[in-house]
Structure formats: C-alpha cells, structure tokens
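Novice: Let's see this in three dimensions:
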Amino acid sequence: MKRIVSALSILATMVAILACGDSYLIEDGDQPTLGQHIFVLPDRYAGQPYNYDSPATTVYLDTNQTVRFWASYSLDGRYIPSDSSDDLFLSHSWTIEGENFNISPLRYRFLTPGFRRGILETIDLLNDTLRDTVNIYVNTPVSIGILAPVNGFNQVNPGPNSSVKLRWTLAGLDPWEKSKCYVYAAYNKEDVWNNALGSVNCSEGSTLSGNFLGDSLTRYITNHPESDTSVTIYWGVRAIFFTEDGFEEQDSTDIYHFSTLFMHNDSATIRIPVVYDNLRNGNVHTKLLITNSDGDTLDYQDSKTSPTVFTSRVAAQTNIRIHVFDILKTEFESSDITASTISGTMTVVDTIHMQDHIQPQVALLQKAFPFNDSITFYALDKGAGINPNRIHVTVDSDSVEFNYDEPFIKFKSRCIVGCAIRISLEDNARNINPKVFWETRASQGYLDSLYISGPYSELTGGK
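Specialist: Below you'll find the model as predicted:
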C-alpha cells in the first residue's frame, strides 16, 4: 500500500533523506509517495532485501524452515536503505499466526503445514496506517516409497504378454498443489534416472510392460541362450508436486529391482554385489564363501576388484549362508547374510558393504636412537588406510613437524630427556588410534643415545 507524504513530513525527515545520498534529495513542492514492501528471504541472507528478490505477495515454505520477514520502504518507487528508512514512519508491526511482532527483519518458522497470512502494518508520520499482506503456503514434506513388487522379486515371466504391477505410497500433497509421477527403469542400476518410461497418475500406481517385458526382452533372452539366462530390471519413481504459479517440490524412491524367471531350465542363480566403504587406495582380494544350512560348502570364489559382483549357481534351497572377507585388507569385515533360492530364478541379494571398524595402531621402530637422529614410528593399518591429513605429533604437549612416508612417521625434537611423545592419527574410515604415549630418557651405557619406553595408556599413566 502507498501513501502521499505531506510537505510537513518531508521537512521532518529531511535529515534522514540527505544521509542516503544525492539520489534521495527532494525538491521543494515535491509530493513523494511512501511505499512499504514485504520480502520473505532465507535466514542466511543479510543486507538489503531488495538486492536479492522482488516484494512477495505469495510464498511457499517448508515446515520448520526458518525465514526472515523484511519490511522495506521506498519513496517514489526508489528503495530506501534499512538504516535510513526508520525516520519515514512512527512504527511498524507484523501479525503472523495471531501474534504481533515489532521487529524487522523477523526470523520465523512454521511448525505445521497449512495456509497463513502475514500482515505488515506501518504508521507513517501523519498517523496514517499502511497495510500489506503476504499469502503463506506451508508445505507438508513430500515423500514417496515403493510398495510392490518387493525389492528382489524374482518371479516375473519374461513372455510377451507379461506385466508387473507397480505400487507406491505417497505423502505430502497439499490442497494447493497438483502432482505428476514418472516411472524410470533400466537394465543397469546407474542408468535408471536417465531413462524415464513416462508419466503416470500418482495416486493409482502403474503397470510395467512394453519394451522391458514384451517382445524386445524376449528377443534379448533368445539371443543369449545361456542356460541360466535371467534379466534384472532396476526401477524407481519420482513424484513432482507443483502449483500454477511455478512452485515445485519433488522426491524420489530408492532404486528397487526385480528379476525374470529363467527361460531354459530350472537352475537357480544368486548374484552378490560387494563394495568397500571408505577404501582410498591399495589392492583388495575378496573371498566369497557360500554354505548350505548344514555348513557344507556350495561355492568358493575370489575377486581382486572393487566393487565386484559374484554370481553363483546353486540348487534351489533355503538358509544359504554368504560369507565375504578379504585376505589383504583384513580389517575390512561384513556381517554374514542368508538367502533362499527358488528353482528357475535369479536371486539378487542386497549389496554387501565391507567396512573397517578397527583402530589403527602406532608402534616404535626401535627403542634407542642417537640424540641427533630422527625418531621413527610406524603406523599399522590393514583396512581403509591411514589418512595423512589426520596425523598429529606432540612432544610434551608441543606440536612438532614430522615427515610421513607410509608407513613411517619421522620427526626430531628439542626435548631430549624426560619427554612424553604422543601420536594421534585416523584411518580413512575415521577410526582413531588408542590414546597412548611414550617416554624418553638417556640410554644407560650410551651417553649419546636416547632411549624410548612405552607405550603407556593415558588411563594408567607412565612408569
């Protein structure tokens, strides 16, 4: 809302106007128009609000999102900086959710979804009231999740008349929003979100057929006459909520997969993907051991790549135990998993994550050193590897420079006798070495040598 400012009010505010620079000088006889404007900006923004956006009449916010409500003022359509505009009015206040606030900018967040109005009222120098309103739509968080087919389903008939019903749950659609859902699918997991099959009604689910389950899939299997031929299809759904004035929010499901039945015989195959978490460098030698419910070995394989996928053909049975370990990176471990196979199917188990939860260790290379030589320790880790940026060496609480040439840590110290050495480090999996220290003293029988004893636990103290 705008208001004509009288000549008396202009004289009353001339000092503040002049402080804004020549661009705000007002000639005698002018009747400048005072305008107020509402800005709603993210909490992190600072400075003049009109430098970031246009005045708001409608805003869309997320539940629990903190924003700033700014009151900004102009004369004849030219914005006045916040530190100069206070002299243009007597007071101003916000009314939001039935509460009044007299500060600007006002930091605020809405705890529940729904429609609100924010009202800005300003009393000018003539005791007239300027009143503006912003419509506020607080959105329910959007979420979408897959119901069917269950992840890993392996009973899909690959024939030309086959189809798979897709079902999902959807939440967060507000009354002012419309929705679109898109189904994505691919034979490779990495390609899923690049391969949209088309849009569907968000509230009705969909049926997957056509290219993936029709003639083209039949031709694919026919051209691959291996006895255990089965095809795994990866898929997901993306939901987009939008309004007619351009607001949009979206969410995607996790990527699920299902497999077709075998075409040529009733053998059963199990596929086991394995990845190493936080592996930065070094070779791996992964071993796979599959046993039946009685503990008898069904298959034994190895791989020297990461990530890797093991494929094993086994008889149809229940309670198959899958054990994965590494003979080089012995600190990487995983929990055993169990699976069951059905005749004529491909079973794809959840990805096995090899993880390092074991502390790295620090050891002394030798106990006696000449006084002028570097002191050498070495770091022990057979997992994710030492992070060279997380090594810290102190001697009597003073940090010292060191050289790390894997696996050796070398340094010199001015403190020779009666000193405490502490070395802290992490591996790439963020495991921290035990808190210990070493003590230095002159070597008995060798006056020019330094003797180091330890390690001693920080909990028990030194000798």
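Novice: Now for the closest residue to Gln361 other than its chain neighbours, how many residues are close by?
Specialist: Take Gln361 and drop its neighbours on the chain: the residue closest to it by CB to CB, 6 or more residues apart in numbering is Leu380, 4.2 Å away. (Each C-beta comes from the backbone N, C-alpha and C, glycine too.) Counted by other CB atoms under 10 Å, the residues lying close to Leu380 total 13.
Novice: list the contacts for Leu380?
Specialist: With contact taken as CB atoms under 8 Å, 6 or more residues apart in numbering, Leu380 is in contact with Pro360, Gln361, Val362, Ala363, Pro407.
Novice: and if you look at Asp245?
Specialist: Listed by CB under 8 Å, 6+ apart, the contact partners of Asp245 are Thr58.
Novice: If we use 10 Å, what do you get?
Specialist: Neighbouring residues of Asp245 by CB atoms under 10 Å, 6 or more residues apart in numbering: Thr58, Tyr60, Trp176.
Novice: out of those, which one sits closest to Leu90?
Specialist: Distance ranking of these against Leu90, using CB to CB, places Thr58 first at 28.7 Å.
Novice: Near that closest one, how many other residues are there?
Specialist: Look at Thr58: counted by other CB under 10 Å, it has 13 neighbours.
Novice: Kindly report the same for Arg414.
Specialist: Arg414: 9 surrounding residues under other CB under 10 Å.
Novice: per-residue pLDDT, it?
Specialist: For Arg414, the pLDDT comes out at 76.
Novice: these two touch, right, it and Val400?
Specialist: Yes. Judged on CB atoms under 10 Å, Arg414 makes contact with Val400 at a distance of 8.5 Å.
Novice: Take the contacts of Asp245 and keep only those in helices.
Specialist: Per DSSP state H, helices hold no members of the contacts of Asp245.
Novice: tell me what the host helix or strand of Trp94 is packed against?
Specialist: Assigned by DSSP states H and E, Trp94 belongs to strand 89-96. Applying 3 or more CB pairs under 10 Å, 6 or more residues apart in numbering; DSSP states H and E, one finds that strand 89-96 makes contact with strand 33-42, strand 67-75, strand 99-101, strand 106-108, strand 114-124, strand 129-139.
Novice: Beta-bridge partners for Thr291, please?
Specialist: Beta bridges link Thr291 to Thr297, Arg321 when assigned by DSSP bridges.
Novice: Can you check what pLDDT the model gives it?
Specialist: With respect to pLDDT, Thr291 has a value of 95.
Novice: Is it in contact with Ile337, as I believe?
Specialist: No. Using CB under 10 Å, Thr291 is not in contact with Ile337; the gap is 12.0 Å.
Novice: neighbour-wise, which of those two wins?
Specialist: Neighbours per residue (other CB under 10 Å) separate Thr291 from Ile337, with Thr291 holding more: 17 against 14.
Novice: List the contacts of that one.
Specialist: By CB under 10 Å, 6+ apart, the contact list for Thr291 reads Thr297, Leu298, Asp299, Tyr300, Asn319, Ile320, Arg321, Ile322, His323, Asp336.
Novice: What distance do you get for it to Asp336?
Specialist: Taking CB to CB, to the nearest Å as the measure, Thr291 falls 9 Å from Asp336.
Novice: which residues are in contact with both of the two?
Specialist: Taking CB under 10 Å, 6+ apart as the criterion, Thr291 and Asp336 both touch Arg321, Ile322, His323.
Novice: Bridge partners for the nearest residue to Arg390 once chain neighbours are set aside, pull those for me.
Specialist: Among residues not flanking Arg390 along the chain, Glu426 sits closest, at 3.9 Å (CB to CB, 6+ apart). Counting by DSSP bridges, Glu426 is bridged to Ile432.
Novice: Low-confidence stretches in this structure?
Specialist: For the chain, the stretches with pLDDT under 70 are 1-31, 159-160, 210-222, 224-228, 263-266, 443-448, 460-463.
Novice: quick revisit: give the intersection of the neighbour lists for Thr291 and Ile337.
Specialist: Common neighbours of Thr291 and Ile337 (CB under 10 Å, 6+ apart) are Ile320, Arg321, Ile322, His323.
Novice: okay, among these, which ones form the most distant pair?
Specialist: Using CB to CB, the shared contacts of Thr291 and Ile337 span at most 10.7 Å, a distance reached by Ile320 and His323.
Novice: circling back: for ChimeraX, what selects the buried ones among the contacts of Thr291?
Specialist: Entered in ChimeraX, the line below selects the buried ones among the contacts of Thr291, by 16 or more other CB atoms under 10 Å:
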select :298,299,320,322
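Novice: quick one: which of the contacts of Thr291 is nearest Leu111?
Specialist: Comparing these against Leu111 with CB to CB places Asp336 closest, at 44.6 Å.
Novice: what's the residue lying closest to that closest one once chain neighbours are set aside in contact with, if anything?
Specialist: Spatially, and ignoring its direct neighbours in sequence, Asp336 is nearest to His323 (5.0 Å; CB to CB, 6+ apart). His323 makes contacts with Lys287, Leu288, Leu289, Ile290, Thr291, Ser334, Ser335, Asp336, Ile337, Ile352, as judged by CB under 10 Å, 6+ apart.
Novice: And Tyr137, by the same measure?
Specialist: 58-61, 110, 113-116, 174-177, 243, 247.
Novice: and with 6 Å instead?
Specialist: By CB atoms under 6 Å, 6 or more residues apart in numbering, the contact list for Tyr137 reads Tyr60, Phe115, Trp176.
Novice: Next: Ser82.
Specialist: Counted by CB under 6 Å, 6+ apart, Ser82 has zero contacts.
Novice: Now it: phi and psi?
Specialist: Here is the backbone geometry of Ser82 (degrees, to the nearest 10): phi -60, psi -40.
Novice: Out of the contacts of Tyr137, the closest to Ser449 would be?
Specialist: Tyr60 (73.8 Å).
Novice: Hmm, the closest one is touching Glu249, no?
Specialist: No. Between Tyr60 and Glu249 there is no contact, the gap being 8.1 Å when judged by CB atoms under 6 Å.
Novice: And stretch 271-282, how far out from the chain middle?
Specialist: Distance of stretch 271-282 from its chain centroid, counting by CA atoms, centre = their mean, to the nearest Å, is 19 Å.
Novice: contacting residues around the residue lying closest to Asn428 once chain neighbours are set aside?
Specialist: Spatial nearest neighbour of Asn428, excluding adjacent residues (CB to CB, 6+ apart): Ala384 at 3.9 Å. By CB under 6 Å, 6+ apart, Ala384 lies in contact with Asn278, Asp356, Asp427, Asn428, Ala429.
Novice: how does it look with 8 Å?
Specialist: Shown in contact with Ala384 (CB under 8 Å, 6+ apart): Asp277, Asn278, Leu279, Arg280, Glu331, Phe332, Asp356, Asp427, Asn428, Ala429, Asn431.
Novice: try Ala71
Specialist: So Ala71 contacts Gln36, His37, Ile38, His92, Trp94, Ser104, Pro105, Leu120, Thr122 (CB under 8 Å, 6+ apart).
Novice: hmm, 7 Å instead?
Specialist: Ala71 is in contact with Gln36, Ile38, His92, Ser104, Leu120, counting by CB atoms under 7 Å, 6 or more residues apart in numbering.
Novice: Verify the contact between Phe332 and Ile358 for me.
Specialist: No. Using CB atoms under 7 Å, Phe332 makes no contact with Ile358, being 8.9 Å away.
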